[in-house]
Structures are given as structure tokens and as C-alpha cells.
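K.L.:
Could you work out the structure for the sequence below:
(2 chains)
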Amino acid sequence: MVSTVYAITLVCMALIAAVFYFVIVNSKKAETDYSSITKKWYGVRGKWFLFLITLGIIITFASLSPFPLPDQKKEYAGNDYQTVTVGAYQWYWTMAPDTVEAGKPVAFFVTGEDVNHGFGIYDENLKLVAQTQAMPGYTNKLVHTFDKPGKFKILCLEYCGLAHHAMITELTVK
Amino acid sequence: MSSTAVASRKIEYSDSENRNALIAVKAHLIGGLLVFLLMMLAGLTMRAAQGTWIEIAVDLFYQIMTVHGVGVVGAAGIASTGVLWYFLRQYVRLSNTIFWINFLIFLTGVVMILGSIFLGGYGGAWTFLYPLPAISMGAWSTGAAAVFQLGLLLIGTGFLILYLDIGRAILAGYGSLAAALGLPQLFGKVPVDNTHPPTVVAGTMVLIVNFIGIAAGAVVLVMGLINLYNPEFKPDALLMKNLIYFFGHVFINATIYASVTAVYELLPRYTGRPWKTSKVFYAAWFAIVFLVMGVYPHHLMMDFPMPAWALIVGQVLSFGSGIPVLVVTGYGALMIVYRSGIQWSTTTKLLFLSLFGWAAGVIPAILDAMVTVNRVFHNTLWVPGHFHFYLLLGLLPMIIGFTYHLTGEGRRGDQTKVTDNFGFYAYLIGAFLTSMVFLASGASSIPRRWAVHMEEWVTFAQVGAVAAALVVLGTLLFTLRALFSLPGATDPAKEA
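P.N.:
Residues are numbered from 1 along each chain as shown, chains lettered A, B, ... in the order given. Sure thing, here's the model as predicted:
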């Protein structure tokens, strides 16, 4: 997902840069009949607009069905889920339990106990695999299934004061 | 440009009013540029510290981070207001006194904010995310947090006073905000008048969204101030977050919509081609009014208790907000420059660059505003990657391009100075690299707002520091140029 998004970004930016470069290269030679330019390119603009609208509709439906965030009204109890209760404090985490199994969904119940924090789960290569905010007065339910065992790091992803960067703990996946 | 038609709409001021107005605009630009330069030095310092090239205490790092954020937003606000006001006063009668009052209130607020940070130790980030200002674990006092928020409140009040004057002037000149936006023309109530000034349309849009955005900001600042001195008053954290991001997003977003008036006004002069308003133009700007105010939930996608519909709206409108620039303004700039015989100067290069920066900067923003993508990009350095692209390569080139125009560069057909050329390319390369390193860092999951980086991330920060140094160099040359050439420059409108 991350590398795909990054690649799409670079390609689209390069295309936009190429269009601007094309116009710069073709800017010196003056064409006095501006109306012929506008007539031609207004036509293209209509198609460009339709393309973007169509693309937007397709992306919207493809990316939002099913809705990619866990249902917050669901209990996530019983044998289908492992549950972990997470408390975020300035500047440490409490996590009970701190060991879960791979292959079975884990429901994290995350709360900010003082200020806003961000609960970010990083794998052993320091890649972010899932996150949610930890807010005072709310319990965010984050559901994630770990593919393989390992030592995962929990990093704070919302600025919470002077030791924000030191707010790190470990989650063991067996 | 359709100069005859537009000229017929222009407001007449006395010479002394014009002189005074020009001084005020120059003060806004020079003030803005100086603050931008200092904030870039702050950014360079942070990147160097993350790259382990310099060592600074974490409390100082977060104070610098706070001043960097609030300083850039403030400088963007004041400088873009200078650009918009300069052009808008040509079509509606604006008060010099109110313009100066806002500037002086702004400076007062800046002093308060600097005091709260560097004397009071406030380091709660410019977003003052409730309840962090009140709960610092002893890092700063309640008084420091209060002065910071009062400073922001004061600055917001100044802007609201200015917008009241702008609103009064637009209503006096056009009868209604709808007419100024061109809505009767859009909906066929009156024939399309393609000499209706784009600046008036943009100015009206900025007035509407910023008035509402700043009012929301004032509400959340007052609630935060009450909480500071009466901790029993505990507003809902999610409500506060909504208000803060609504205000913050609208305010910073509006700066580019205010500054784009420089492109609408100046590219036609340098290409000899008109930038005519049309139904498509009015429709785009009418949509922008709602898009700018409606996209802010994309900041709250990892706040799972947010209603799903709000996040879906945030995603859809974020995509939609890219369309006006990709289809109307950016596209229009491409058409107007294509085979125009334009004389490339620092002014025109910067103005044209600004549209590229805006259009390309939209891409990482739209992608991160998708819920499914946001799960692994939110609060990583991808986010500053997007907004540095948008601000350094979109907004600032508009403001600096306008500044160069005011100095007379570009209009006289002089050969571009070596220092201007050097500054432009140092800035261009530095700004592009700064943004791209942030994006690459975000794609590597590096979190934002960390004073100390893990060993694996240090190289990114070091490359970022080199890039930031280039940005500082380019901006220093731009600022020196403004300091030397701007004070004595005559009003180009008089020469036109």
C-alpha cells in the first residue's frame, strides 16, 4: 500500500511537471490568435474534467467499500478476537496484555489518559502497520491481525509534550 | 488584458491614500518575508538536530517547532492578505486605517506569542491541541499557555476586523456577496460579464471562509483559555479537535486562494492575454467556498469515534478540492502562457512555478485524505511533505513573485540579475528537495514532530537539512532584494 501510494504520487507529479515543462518550452514563440488556443484547449479541458470526476467516483467506491475503519459500536468480545487494553499517558504506555498471537484478530481498546496521543504499531523494519488516536474521554477500537510473530514497537504519533518522541513500548506477537 | 472594461470598474483614491496603501502593502510583504526567513532557519535547525548535526535540548526543539508552525501560518496570513488587499482595493473601496490596524494588532500578537514561547517556555505546538496547553507536566506555565492563546485570539480579532471592512466594501460595491462571487451570472439570472474581476470573486470567497474559520478558532481559543484557569470546565476533546482543525485548515488554505489573485492579475499583464471570468470560473470558486470548509475531517480520520459520514465527506471533498486548481486555475495559467511570447523574469518564473507547486502539491494531499491510505500515513512526515510542497512551491512563489513585480523587476524588461537567478534556482531546488525528502520519509513511516530521530531515520533528516539550507539561501536573497528594492519602488499600477 505505502509503496503504491508513493509511486502514484511520484508519477502524477512527474506528469504535471512534464506538462508545465512543455508549456515553458512552447512559451517563447508568440501566437497572436489566442482565441484559437482557448477554443482548442477548452475542449480538452471538458474531457479532462470528466476524466477526473470519473476517476474520483471510481476511487471513492473502491476505497470506501467496505468502510476501512473498524465498527466502533461492536464489542469485539468472545473467541473471535484477542483484546488488548491500551492507556496512553505522558509519556508512557500501559498495555494489557502485551503479548498476542499472530493470525487471530486483535482488538486494541485505546484511550488517552491525560492529553491526545497517537497509538502507532511499527513492525521490526520500522514500518507503520496500523494506528489510531488515543483521546481523553474516548476509547478507540483498532482491529489488526498480525501476519507473523515478532517484536513490534508502539510509537506515539500525536504530539503530547516534551518526551513525545520517547514514548515507546513493545508488543510481542507470538 | 481587457483593460478598458476592468479600468472602468476601478476605484479612485487620492494620491496620499495610494501612497499610504502602497507603504502598508510593502510592510505586509517585508514583514511576511522576514518572518518566513526566520521560520526557515527554525526549520533548518530542527532538521539539523534530527540529523544529529547539532544538539539542542528537547524543550527548545519543541519551542522552535511551535514557533515554526505558528510563524509560518502567521506570515502566510499577513503576506497573503497584503497581496489580496493590494488588488482588491482597486475594485472596492477599502480602508487604509483598518488595514494598518490589522497589521499592528498582528505585530502585537506576534510579540505575545514570541514571549509565551521563548520567555514562558510554551511548546505545545501551534495547534494548541486541547488539553495539552493545560497539561505540560511542568514544561510551561498556565500563564505561558494563556498568553500564547491570547496572542492568537488577538491576531484573529484583527483579521476579523479587516474582513468586516472587506465585507462592507464588497457589499457596497456589488450589492451582495453572491453577486461578487458571480452567482447571478452562474445561474443565468444575468448575462455573463467576463470582465467581472477574478480578484473580487477570490476575495469574496476568502472573506466568507476565513470569517467563519476564524470565528470557530476564537470559540475554541476562548474555551481553551477558560479551561486553563478553570480545569473543572472540560470541553469534549473531539469537539475541540474538530474546531481547531476546521479553523487551522481554513486559515492556511485560504492564504493560497488570497495570493492567487497575483496570478490572475499579473500573468495577463506579462502575456498580454486576458484572464476572463466565465461560468466555469464562477462554478469553481463557488465550489471552493464549500470545499475549503468541508475537507477538514481528513485531519480526523484516525479519530475512530468520528461519524463515518464525516470522514467520507472529508475524503470526497478533498479529492474535489483538487479539481478547481487542476481544471481551472492551473489549467488557465498553462493556456495563458502557452505560445504567449512571455518574457521570463524572476517575477513570471515565480508566478508560473506557483501553479505547478499548487497543482503537484495536491497529489500527496488527496492520497493521504483517503481513509484507507491515512491509516499508514497519518502523522508521518508525509503530511509536512504535502504542505511544504504546497507552501514552498505554491504559496510563497505567489507572494515573492508579487513582491518582485512591485520592485519593478520583470516590467522593465531588464536582464534578470545574477543574484535573482541564483536565488531562484537555490530556492527551487531546495524547496523541491525539502518537500520530496519529507514525502520519502513519510513513505518510510517516520513520524512527524519528533525531536530525536531513530538511527535508521537520521540520513533522511540530514538530506532534509541540506535542502532546507538551500531554501534559506534562496529566501535570504529574495528578502534582501525586497529590503533593498521595495521601499523606494513606485506603484506599478500607475505605470500600467
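K.L.:
quick one: low-confidence parts of chain A?
P.N.:
Residue ranges of chain A with pLDDT under 70: none are present.
K.L.:
Quick check: what element follows the lengthiest helix in it along the chain?
P.N.:
Counting by DSSP state H, the longest helix found in chain A is helix A:34-64. Going down the chain from helix A:34-64, the next helix or strand is strand A:82-89, by DSSP states H and E.
K.L.:
mind listing what that next one pairs with, with the direction of each?
P.N.:
Paired neighbours of strand A:82-89 in the sheet (DSSP bridges): strand A:92-96 (antiparallel), strand A:106-112 (parallel).
K.L.:
right, so the ones you listed: which one is the most enclosed?
P.N.:
strand A:106-112 (a mean of 22; mean count of other CB atoms under 10 Å in any protein chain shown). From N, CA and C alone the C-beta is placed, and that goes for glycine too.
K.L.:
Keeping just the C-alphas, turn it into CSV.
P.N.:
Taking Å, rounded to 0.1, in the frame of the first residue of the first chain, the C-alpha atoms of strand A:106-112 are listed here in CSV:
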residue,chain,number,x,y,z
VAL,A,106,-6.5,-8.3,17.9
ALA,A,107,-8.9,-5.6,19.1
PHE,A,108,-7.0,-2.7,20.8
PHE,A,109,-9.1,-0.5,23.1
VAL,A,110,-7.2,2.7,23.2
THR,A,111,-7.7,5.7,25.5
GLY,A,112,-5.7,8.9,26.2
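K.L.:
Beyond that strand, next helix or strand please.
P.N.:
strand A:117-122.
K.L.:
what angle do the very next helix or strand once past that next one and strand A:117-122 make?
P.N.:
Downstream of strand A:117-122, the next assigned helix or strand under DSSP H and E is strand A:128-134. Angle of strand A:128-134 versus strand A:117-122, following axes from the mean of the first three to the mean of the last three CA atoms, to 10 degrees, is 170 degrees.
K.L.:
Run the chain-centre distance for strand A:128-134.
P.N.:
Distance, stretch centre to chain centre, for strand A:128-134: 9 Å (CA atoms, centre = their mean, to the nearest Å).
K.L.:
Endpoints of stretch B:190-202, how far apart?
P.N.:
One end of stretch B:190-202 to the other measures 20 Å (CA to CA, to the nearest Å).
K.L.:
close to chain A, is it?
P.N.:
No. Stretch B:190-202 stays clear of chain A (CB under 8 Å from any CB of the partner chain), getting no nearer than 11.7 Å.
K.L.:
Any residues of the stretch 151-300 of chain B in contact with chain A? List them.
P.N.:
Residues of the stretch 151-300 of chain B lying near chain A (CB under 8 Å from any CB): B:236-238, B:241, B:273.
K.L.:
Export those residues as JSON lines, with columns for pLDDT.
P.N.:
Formatted as JSON lines, those follow (pLDDT from 0 to 100):
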{"residue": "B:Asp236", "pLDDT": "97"}
{"residue": "B:Ala237", "pLDDT": "97"}
{"residue": "B:Leu238", "pLDDT": "97"}
{"residue": "B:Lys241", "pLDDT": "97"}
{"residue": "B:Arg273", "pLDDT": "93"}
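K.L.:
Need the buried ones from those selected in PyMOL.
P.N.:
Applying 16 or more other CB atoms under 10 Å in any protein chain shown to these, the buried members can be selected in PyMOL as follows:
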select buried, chain B and resi 237+238+241+273
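K.L.:
Now tabulate the residues of the stretch 151-300 of chain B next to chain A in CSV and tack on distance to B:Gly151 and secondary structure.
P.N.:
What follows is these, written out as CSV (distance: CB to CB, whole Å; DSSP: H, G, I helix; E, B strand; the rest coil):
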residue, distance to B:Gly151, secondary structure
B:Asp236, 25, coil
B:Ala237, 23, helix
B:Leu238, 25, helix
B:Lys241, 21, helix
B:Arg273, 44, coil
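K.L.:
Tell me who's in contact with whichever residue of chain A sits closest to chain B.
P.N.:
Using CB to the nearest CB, A:Ala30 is the residue of chain A that sits closest to chain B, at 2.9 Å. Each residue near A:Ala30 by CB atoms under 8 Å, 6 or more residues apart in numbering or on different chains is listed here: B:339-341.
K.L.:
of those, buried ones?
P.N.:
B:339-340.
K.L.:
From the contacts of A:Ala30, pick the one nearest chain A.
P.N.:
B:Gly341 (2.9 Å).
K.L.:
gap between the closest residue to the closest one other than its chain neighbours and B:Thr271?
P.N.:
Spatially, and ignoring its direct neighbours in sequence, B:Gly341 is nearest to A:Ala30 (2.9 Å; CB to CB, 6 or more residues apart in numbering or on different chains). Using CB to CB, to the nearest Å, we find A:Ala30 at a distance of 9 Å from B:Thr271.
K.L.:
shared neighbours, these two?
P.N.:
Between them, A:Ala30 and B:Thr271 share these contacting residues under CB under 8 Å, 6+ apart: B:340-341.
K.L.:
what residues does stretch B:41-59 touch?
P.N.:
With CB under 8 Å, 6+ apart as the test, stretch B:41-59 has contacts from A:162-163, A:165, B:61, B:64-65, B:67-68, B:71, B:121, B:123, B:139, B:450-453, B:457-459, B:461-462, B:464-465, B:468-469, B:471-472.
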